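A.B. asks: One predicted model, sequence on top.
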Protein chains: 2
Amino acid sequence: MTDDEKFMQKAYQEALKSLEEGGIPIGSVLVVNGQIVAQGHNKRVQKASAILHAEMDCLENAGRLLAKDYTKATLYSTLSPCPMCSGAIVFYKIPRVVIGENENFVCGEDYLKANGIELINLDNLECKKMMKDFIEKNPSLWNEDIGV
Amino acid sequence: MTDDEKFMQKAYQEALKSLEEGGIPIGSVLVVNGQIVAQGHNKRVQKASAILHAEMDCLENAGRLLAKDYTKATLYSTLSPCPMCSGAIVFYKIPRVVIGENENFVCGEDYLKANGIELINLDNLECKKMMKDFIEKNPSLWNEDIGV
C-alpha cells in the first residue's frame, strides 16, 4: 500500500465515523512532512453546519498553522472538493490534493488545477460505493450539502 | 443612508466586536430578502480558527439554509473576501457581494466576477482606517490570517 493509499484509508475511516454519527460520509486528512496533523469529517448534520465539509473540518482541526506548513502539506479527501474547499486549498497554497474519487461529485477541480495544485485521483472503489449508497438513500440531504 | 450602507454598518459593528475580543476586525452580514439572517466576524484569535474568516463565520451562524435562500442573498463584508470565502460564495451561488473596501486586501475578486457574482465596493473610509490601523499594529497576525 502506498503512503497515499494509507492516508486515504484514514480519510475513509473519518467518513465512516461521520456515517455512524448520522452524518454525511466524507472524510479528510491533512499530512505535513509525512505526518498526519489533523483529521476531519463532514459535520452538516452533526453541527447544523454550512461550512464544515470534511476538508474544512480537517483544516479547522489543524488549528493555526503557519503559511509555510501549508505549503508542505497534502490534503486527502474521500471525495473531490467543492469550490468552497478548493478555495481554502488555494488560499492556503496547499500544493497537493489526493482524492478518493470524483464520480459522485466534481465541481472544484478546474479551480485547483488553474492554481497549479497537483490533484491525484485514487479512484478508490470503497469511497465510490460508500458515497453512491449514501446519495441514493439521502438525496435531499446530499443536495443541501452541495448547494443544489 | 442606502440599504447597502446600513447593512455595512452592521458588518462594521461586527468587526468592532472582534477587535474588542482581541481578534481581527473583519465583520460580515448575510441578508436575504432585505432581512439580516446572520452576522459574524473573524475568529482566528478567539477560536484558534483557520477557517472562521468573517464571511465563513457569518455563513456558519446562518445555519442550514436551503439552496434557494442563498440565491436571494447579499453577503456584506468590511473587507474584500479571500479565495476561501469567495469559494464559499461561488459554491452557494450567492449572487451579490458588497464590500467595505479592497485597499487593504484583495485576492478573490476575479474568481467572484468570473462566476457572474455582482461585487459592489462601498469604498468605506471607516472600514479602510480600521483595517489599516490593525495591520500596522499586528503585521504577523495579519500575515497569518491571509496565509502569507
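C.D. replies: Yep, it's here.
A.B. asks: I'd say A:Gly23 and A:Lys47 touch.
C.D. replies: No - using C-beta atoms under 8 Å as the test, A:Gly23 is too far from A:Lys47 to be in contact (9.0 Å). All C-beta spots, glycine's among them, are computed from the backbone N, C-alpha and C.
A.B. asks: Which residue of the two possesses the greater neighbour count?
C.D. replies: A:Gly23 (23 against 15; other C-beta atoms under 10 Å in any protein chain shown).
A.B. asks: Could you pull up the residues touching the more buried one?
C.D. replies: A:41-46 (C-beta atoms under 8 Å, 6 or more residues apart in numbering or on different chains).
A.B. asks: Ramachandran coordinates for it?
C.D. replies: A:Gly23 adopts backbone torsions of phi -100, psi -170, taken as degrees, to the nearest 10.
A.B. asks: show me what contacts the nearest residue to it once chain neighbours are set aside?
C.D. replies: Leaving aside its sequence neighbours, A:Gly23 sits nearest to A:Val45 (C-beta to C-beta, 6 or more residues apart in numbering or on different chains; 4.2 Å). If a contact means C-beta under 8 Å, 6+ apart, then A:Val45 has A:21-24, A:141 as its contacts.
A.B. asks: top of those by neighbour count?
C.D. replies: For the contacts of A:Val45, neighbours tallied by other C-beta under 10 Å; top is A:Ile24, 26 neighbours.
A.B. asks: any idea how far A:Asn33 is from A:Glu60?
C.D. replies: To A:Glu60, A:Asn33 is 20 Å away according to C-beta to C-beta, to the nearest Å.
A.B. asks: which parts of chain A sit against chain B?
C.D. replies: A:44, A:48-52, A:56, A:59-60, A:62-67, A:70, A:82-88, A:90-93, A:107-108, A:111, A:143-144, A:147-148 (C-beta under 8 Å from any C-beta of the partner chain).
A.B. asks: The closest residue in space to A:Asn124 that isn't next to it in sequence: what's it in contact with?
C.D. replies: Leaving aside its chain neighbours, A:Asn124 sits nearest to A:Gly100 (4.3 Å; criterion: C-beta to C-beta, 6+ apart). Counting by C-beta under 8 Å, 6+ apart, A:Gly100 makes contact with A:8, A:11-12, A:76-79, A:122, A:124, A:126-128.
A.B. asks: if we can go back for a sec, and the contacts of A:Val45, which is closest to chain B?
C.D. replies: Lowest distance from chain B to the contacts of A:Val45 (C-beta to the nearest C-beta) belongs to A:Leu141, with 9.8 Å.
A.B. asks: doesn't A:Asn42 make contact with the closest one?
C.D. replies: No - if you go by C-beta under 8 Å, A:Leu141 and A:Asn42 don't touch, sitting 10.5 Å apart.
A.B. asks: What is the distance between the helix ranked longest in chain A and the centre of its chain?
C.D. replies: Ranked by residue count under DSSP state H, the longest helix found in chain A is helix A:3-20. Its chain's average C-alpha position is 10 Å from that of helix A:3-20, according to C-alpha atoms, centre = their mean, to the nearest Å.
A.B. asks: tell me which residues in it are buried?
C.D. replies: Neighbour counts over helix A:3-20 (16 or more other C-beta atoms under 10 Å in any protein chain shown) mark A:7-12, A:14-16, A:18-19 as buried.
A.B. asks: mind listing what whichever residue of chain A sits closest to chain B touches?
C.D. replies: Sorted by distance to chain B under C-beta to the nearest C-beta, the residues of chain A start with A:Gly87, at 2.0 Å. Shown in contact with A:Gly87 (C-beta under 8 Å, 6+ apart): A:108, A:111, B:82-88, B:90-91, B:108, B:111.
A.B. asks: In chain A, which residue is most central in space?
C.D. replies: A:Ser77 (3.0 Å; C-alpha atoms, centre = their mean).
A.B. asks: With just CA atoms, put stretch A:44-57 into CSV.
C.D. replies: Extracted in CSV, the C-alpha atoms of stretch A:44-57 (Å, rounded to 0.1, in the frame of the first residue of the first chain):
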residue,chain,number,x,y,z
ARG,A,44,-23.5,19.4,8.3
VAL,A,45,-25.9,17.1,10.2
GLN,A,46,-23.8,16.8,13.5
LYS,A,47,-23.3,20.6,14.0
ALA,A,48,-26.0,22.0,11.6
SER,A,49,-23.0,23.4,9.8
ALA,A,50,-23.0,25.1,6.4
ILE,A,51,-19.2,25.3,6.2
LEU,A,52,-17.8,22.1,7.9
HIS,A,53,-17.3,20.0,4.8
ALA,A,54,-14.7,17.3,5.6
GLU,A,55,-11.8,19.3,4.2
MET,A,56,-12.8,22.5,6.1
ASP,A,57,-13.3,20.5,9.3
